[in-house]
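K.L.:
Show me the folded form of this:
(2 chains)
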Amino acid sequence: MLEVSESVRVESTMGWKVGIDTGGTFTDVAAVNTDTRELLFAKVPSDPRDPGSAVMACLDKLLATHKLPSAEGISFFAHGTTVATNALLEMKGAQPGLLLTSGYRGIYEIRGGSRPTGSDLIDTFYRKPPLLVSQAYTEEIVERIASDGSILVPLNEDSVRKAIRRLRDRGADSISICYLFSFVNPVHELRTAEIIKEEFPACRMSLSSSVLPVIREYRRCATTLLDAYVGPVVEAYLRRLGDRLHEARIGTEQLYVMQSNGGLMRVDVAANYPNQTLLSGPAAGVVFASSIGNLIGERNLVTLDMGGTSTDISTIVNGDYVETREGSINGQDIGTPMIEIQTFAAGGGTIAWIGPDGLLKVGPHSAGAYPGPACFGNGGTNATVTDANVVLGYLGSASLIGGQFRINQQLASDVIVKHVADQFSLDVEEAALGVIRVVNLNIEVGLRLALVEKGLDPRKFVLVAFGGCGPMHAGRVARNVGIPRVIVPPMPGISCAMGLLQTDVRHLYMQSRFAPLITCALDEINDVIGSLEEKACADAIHEGFDPSLVELICQLDLRYPKQGYELPIPCPRIVTEADRAAIRAAFDRTHEQVFGVSAPDEAPEIINVRITSVVRIPKFEFEIGKPAQSSAEIARVGERPAYFEETGRYVAVPVYRRQMLSHAHRIDGPAIIEQFDATTVIYPGQSAEVDPIGNIIILVGRSETMD
Amino acid sequence: MTLDLITLGVVSSRLREIGATMERLLFHSGYSTILRESHDGSACVADRTGAVVVGSGIPIHLFPYFYIIRAVLRDHPISELREGDSYIVTDPYIGGTFHVPDLGVVTPVFAHGEVIAFCASIAHKPDIGGLVPGSSSADSREIFHDGLLLPPVRYWTKDGVVKDLDAILRRNSRLPELTAGDVRAQVGCTQVGARRLQALCKEYSAATVCESFDRIQSMSENRMRSRLKSLPDGESFSESTLDSDGVDLDAPVQLNVRVVKQGDHVTFDFSKMNPQVPGPVNIRPPAAESASLIALLNILDPTIPINDGCRRVIDFVNPEGTLSNPRFPATVNNYFPTMHILYSIALKALSKLNPARAVGAAGFGIGGHSIGYRDIRTGKTTVQYELFVSSLGGTPQADGTPYVLGISHITPYTPIEILETEFPVRVTRFEPMIDSGGCGRNRGGLGFRKEYQLLADATYNLRMTGFRAQAWGTAGGGPPKVGRCILNPGTSRERLTMPLATFQLKAGDVIRAEFSGGGGHGRPYDRDPLLVQSDVANGYVSLQSAQRDYGVLLDPETLTVDAEATKRLRAGASSLESEPA
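P.N.:
Down below sits the predicted model:
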């Protein structure tokens, strides 16, 4: 166990706050001086073999600016890591062992509930995702708990000891334990953990009753195994990173890692919750969008983070992230609640090709960073989304990374002609437009899944566009989905690093408890709430926070009797008789909104109790600009021909430089705005205005597609 | 007007999205475990003639839609349909669903006051009347024993549910709340689908959307034709058996198919099929057709989207009075085991056209059980319904995937913790069975054993087959172990049950179901000894089988491969094989 560290004072964090985000291509850093509000940022190439080295390179780059006097001046450090994700994507995690209740070896192996899509549904060559643990590393333990928590078969400690020794001798790095009904009564898992400490003290453990104490044994088991699979890797990475930061003389207690739930956790405790870091990086982007929303008073946002190989989409509804408990990363199922982020292959490097049905497809394959799109001139021979954007004139020859990257327009045109235009007997610009329409369509499907599918009206949402490519496509996809406004934040390319400076410490605690909402004994529910709150406060103290700083938010997961899925509904921390009706009414309303129907004559059931703990961290504040006296014309640096659906031909389009734009500047489309890390396109019929903190707000105009 | 390919691509992708939306809503708002945990349901978008354009959910359902929608149109001329209506149907003879519990919902979609399409859904109901809880009884002898037969009737209008019909439906189910809740989920998803389709018409014009319907069907048709042209012409015959029809227990039921491939066309000829039988193992033509099509797509290219364009390259010879086209009122409630074997023999026959796609057969016996508990005091029934599956066979590339529903590769699984929380039952075992997968260079998936102890008296209803008839390996691979079901194993009251059986159980009784594995692919002696070693370490293959079937000698303690002895064993076997018979 980790030692309790000294209490951290979060109220005063003077000095420099640093956020470092590891991405697929680049590791980004954003640093802000909390006194002067000065903001520094940089990008260094990521190193997948040693991601920590790029983190340190970012710090070196910061210090090289001489704006920070020394590493000691860093008062806050937050990190978005892909270590857990990559271990999973490359299947290079630890070797876990698995302890199951005797007689139930089938639970993990069959991957119950798998529902493949597309041709896998009928293809006799179909395969399930690889198992993180084989039967050879699975041991059966004699014990059994019943659904009411009573003990049917006592734990046979001898079988535990023998199993642990076998796993140790076989070289297991970690052990996961998932017994039936341990979420009702964890006594056998807890006792097993004690025995592991005696028999195999060096071993890392994951207990299903602590990782995810909720009903449905397969998903609980899969999640616990994931924890055991990435745990040792995450732990080693964080320990090494801690050492490096220490060597670099970063002395602050405020070292954090971003979690998949959009909250930070102290590096000290992160090794206890490795499965919580699986979406560490993308979650930071969502957090950033949310902070922008708070600043400008928008509570309903949809994020579009489009980079070189993929696009991430997520929503913020009424100021809250949307969470999922049915996540899956690289086919591995995970039940830990995390921000619902859809990731799919749609980025600048995504390749266009002709499918077996003769229709144009874009993705999932990508030209990657190297050779990259043909127009980079590095020998790429495929037609990519970026090549199409070049042909259409959206990307200029000096648009990328402040002109460090030259673009060859002829090469872009050649591949679009060869792979698309010639195939369909189209002109090159029509072909390029086709590629963009198809990739935009994939994004639009994602946006509709995130909004319309959830019963959310796109007209009430704002699209926050970031990532290197997001601002180029945002205006078009927003119009097609019916989202009236787009925000392009000041530095779209480093949004995830910025997001690390914009969030709080946050943990979620869950416990399954079945009870009818209307007739259950409230004492029992309040007891569960109380025990989860205790856990939350204990963790907060462990992280070094004074419990008085901890905010606790309570929810009940409810369903109609016999349904298989629950919806979380807020409730007071102590539920009284008077609250029952209000909670029920809130559930009926939410159900109607999500599924289109409700059944108010059916009495809802409680399935889980959930507590979210939050410790507020002071945020980076954007500087509020005064309205410019000038017109946007002062930022106009030239023009170039660009082709749009609306114009049907190339038209001369003004090009603006982002740094020269300031508050209240207004630009009518078509127009192009270039900056170091992204290019924004204002489409015909759209207009843009710069807001007080430097966001570009695009009004996308009338939608043709709304229901 | 001719659509450009880019717009066609956009519209077809939007239609797929609508299908996926309907499917998701169906599973997430359904009430019964069949729908929400086993996902036994589907949804589709069809054109105004009833031809399926895109479907979502379990693919075997995509063939019956054509018959169901046409049945609605036959009884309710298109001019009489109203916006907001939804029709339901359960009758497999008038409609076209596989059996009575598969309730179909059909919702017309309007644009400019005209029907331009249908959104439809099929989902298995937990109980729709009939002889036993869960409806599908082994003792059924005619379709009237299988549950409430509904011809296409209007269940929903723009004003909501049609109360008279809803009352009839509820009164004829032992589980009225679950059944009505599931139908509501079906109606809801098709109504949402209809609204999405209307929005798409507004965006791209109804004419464009309707033209896309035709083009999407033609694309699947054309892809099938061009694949067929690239394969040699020929004909082949394949057969297998069902253990019995559940009535005459000693009489195996013969299934066979003759496949004739000529140019870009295929004929499936079932004319030598067993005559129809009194027991509930007959199947309606849509089931035979669906199984044939999915087998054909597997041999040609499984990425070709299934829609009614596929129908145009196939002919069926399926005379009335046979197992695959029984005369009214023959019962069909246990259709799935029959349909799966028919699929297996069709796949085997077609494999000769394209041996690269030949696989070991998935184990027989896919079906399910339903356990009906009745609370004597309240008279209330609960039904625990679960699908039983087998495992896939080895392929040229890999071992067979374990524990999958054949033909439609979902992994239906109601969590043990849900079962024990909601029903008076305890699941006492769930594990793979050693040596149950067919041997081969690529092994068949293992069979699994699942054991239940009842905590209350119940009516038990088993729907399996293949306790005697066996699936097969291919290219030298061996067959899998067959399935079986044992009552009270290890006690003085132990006995084997029949695959199709309905009987009463008492609290405390134990029922153990063993599911068949899949067949092997390739000669077992060609399997990498290290894979055999890991099979033994994983408990998939015994030391004895490693030596006997795979010719691999392992140290019983360390499991190290004895390379020399293995070489000798394998050499001996191949010299035996090469001797003239």
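K.L.:
Next, the residue of chain A most remote from its centre: secondary structure please.
P.N.:
Ranked by distance from the centre of chain A (C-alpha atoms, centre = their mean), the top residue is A:Asp158, with 42.9 Å. Three-state assignment for A:Asp158 (DSSP: H, G, I helix; E, B strand; the rest coil): helix.
K.L.:
distance of it from A:Leu99?
P.N.:
14 Å (C-beta to C-beta, to the nearest Å). No exception for glycine: its C-beta is placed from N, CA and C like everyone else's.
K.L.:
ok, the residue in the stretch 151-300 of chain A positioned nearest to chain B - contacts?
P.N.:
Residue nearest to chain B within the stretch 151-300 of chain A: A:Arg216 (4.5 Å; C-beta to the nearest C-beta). Contacts for A:Arg216 (C-beta atoms under 8 Å, 6 or more residues apart in numbering or on different chains) come out as A:Gly335, B:Pro415, B:Glu417, B:Ile418.
K.L.:
Low-confidence stretches in the chain?
P.N.:
This is for chain A. Within chain A, the ranges that satisfy pLDDT under 70 run A:1-14, A:369, A:399-405, A:455, A:594-597, A:702-707.
K.L.:
I was thinking of chain B, sorry if that wasn't clear
P.N.:
B:1, B:573-581.
K.L.:
now with 80?
P.N.:
Low-confidence segments of chain B, defined by pLDDT under 80: B:1-2, B:5-6, B:37-38, B:375-379, B:573-581.
K.L.:
Quick check: phi and psi at residue 238.
P.N.:
Picking chain A for this. Backbone geometry at A:Leu238, expressed as degrees, to the nearest 10, gives phi -70, psi -40.
K.L.:
wait, I meant chain B there
P.N.:
Taking degrees, to the nearest 10 as the convention, B:Ser238 sits at phi -150, psi 150.
K.L.:
neighbours around it, how many?
P.N.:
B:Ser238 has 19 neighbours, counted by other C-beta atoms under 10 Å in any protein chain shown.
K.L.:
ok, the residue nearest to A:Glu157 when sequence neighbours are not counted - contacts?
P.N.:
Spatially, and ignoring its direct neighbours in sequence, A:Glu157 is nearest to A:Ile195 (6.2 Å; C-beta to C-beta, 6 or more residues apart in numbering or on different chains). For A:Ile195, the contact set (C-beta under 8 Å, 6+ apart) comprises A:Glu157, A:Val160, A:Arg161, A:Ile164.
K.L.:
Among those residues, list the two that are farthest apart in space.
P.N.:
Spatially, the most separated pair among the contacts of A:Ile195 is A:Glu157 and A:Ile164, at 10.4 Å (C-beta to C-beta).
K.L.:
Looking at those two, which one has more neighbours?
P.N.:
A:Ile164 (24 against 16).
K.L.:
could you list every residue that touches the nearest residue to that one once chain neighbours are set aside?
P.N.:
Nearest residue to A:Ile164, sequence neighbours excluded (C-beta to C-beta, 6+ apart): A:Glu199, at 4.4 Å. Each residue near A:Glu199 by C-beta under 8 Å, 6+ apart is listed here: A:Arg161, A:Ile164, A:Arg165, A:Arg168.
K.L.:
what helix or strand does the third one sit in?
P.N.:
A:Arg165 is part of helix A:157-170 when elements are defined by DSSP states H and E.
K.L.:
From the contact counts, what lies against that helix?
P.N.:
In terms of contacts (3 or more C-beta pairs under 8 Å, 6 or more residues apart in numbering or on different chains; DSSP states H and E), helix A:157-170 is packed against strand A:96-101, strand A:138-141, helix A:187-199.
K.L.:
Could you check the angle the longest one makes with strand A:96-101?
P.N.:
Same thing as helix A:187-199. 140 degrees (axes from the mean of the first three to the mean of the last three C-alpha atoms, to 10 degrees).
K.L.:
Buried ones in helix A:187-199, by neighbour count?
P.N.:
Of the residues in helix A:187-199, A:Val187, A:His188, A:Glu189, A:Thr192, A:Ala193, A:Ile195, A:Ile196, A:Glu199 count as buried by neighbour count, 16 or more other C-beta atoms under 10 Å in any protein chain shown.
K.L.:
Next: the second one.
P.N.:
Neighbour-count burial for strand A:138-141, counted by 16+ other C-beta under 10 Å, picks out A:Thr138, A:Glu139, A:Glu140, A:Ile141.
K.L.:
looking at it, the last one is touching A:Arg161, isn't it?
P.N.:
No: assessed by C-beta atoms under 8 Å, A:Ile141 is found out of contact with A:Arg161, at 10.3 Å.
K.L.:
how near is the residue nearest to A:Glu157 to A:Gly24?
P.N.:
For A:Ile195, the distance to A:Gly24 - C-beta to C-beta - is 42 Å.
K.L.:
same question, A:Pro568
P.N.:
Taken as C-beta to C-beta, the span from A:Pro568 to A:Gly24 is 32 Å.
K.L.:
ok, residue 470 - contacts?
P.N.:
This is for chain A. Applying C-beta under 8 Å, 6+ apart, the residues contacting A:Gly470 are A:Leu304, A:Asp305, A:Met306, A:Thr311, A:Val488, A:Pro492, A:Ala678.
K.L.:
um, chain B though
P.N.:
Contacts of B:Gln470 (C-beta under 8 Å, 6+ apart): B:Phe364, B:Pro479, B:Pro480, B:Val482, B:Ser516.
K.L.:
residues near the spatially closest residue to B:Thr21 that is not a sequence neighbour, how many?
P.N.:
Nearest residue to B:Thr21, sequence neighbours excluded (C-beta to C-beta, 6+ apart): A:Glu453, at 6.0 Å. Using other C-beta under 10 Å, A:Glu453 has 18 neighbouring residues.
K.L.:
do the same with B:Tyr343
P.N.:
With other C-beta under 10 Å as criterion, B:Tyr343 counts 27.
K.L.:
Correct me if wrong: it contacts B:Ile407.
P.N.:
Yes: if you go by C-beta under 8 Å, B:Tyr343 and B:Ile407 touch, sitting 5.2 Å apart.
K.L.:
anything in contact with each of these two?
P.N.:
Joint contacts of B:Tyr343 and B:Ile407 (C-beta under 8 Å, 6+ apart) are B:Ala291, B:Ile294.
K.L.:
residue in chain A nearest to chain B?
P.N.:
A:Gly112 (2.8 Å).
K.L.:
Now that residue. Nearest residue, chain neighbours left out?
P.N.:
Using C-beta to C-beta, 6+ apart, the nearest residue to A:Gly112 is B:Tyr413, at 2.8 Å.
K.L.:
Tell me, how many residues neighbour the one you found?
P.N.:
B:Tyr413, neighbours per other C-beta under 10 Å, totals 25.
K.L.:
Contacts only, for it.
P.N.:
Contacts of B:Tyr413 (C-beta under 8 Å, 6+ apart): A:Ile110, A:Gly112, A:Gly113, A:Tyr218, B:Glu37, B:Ser38.
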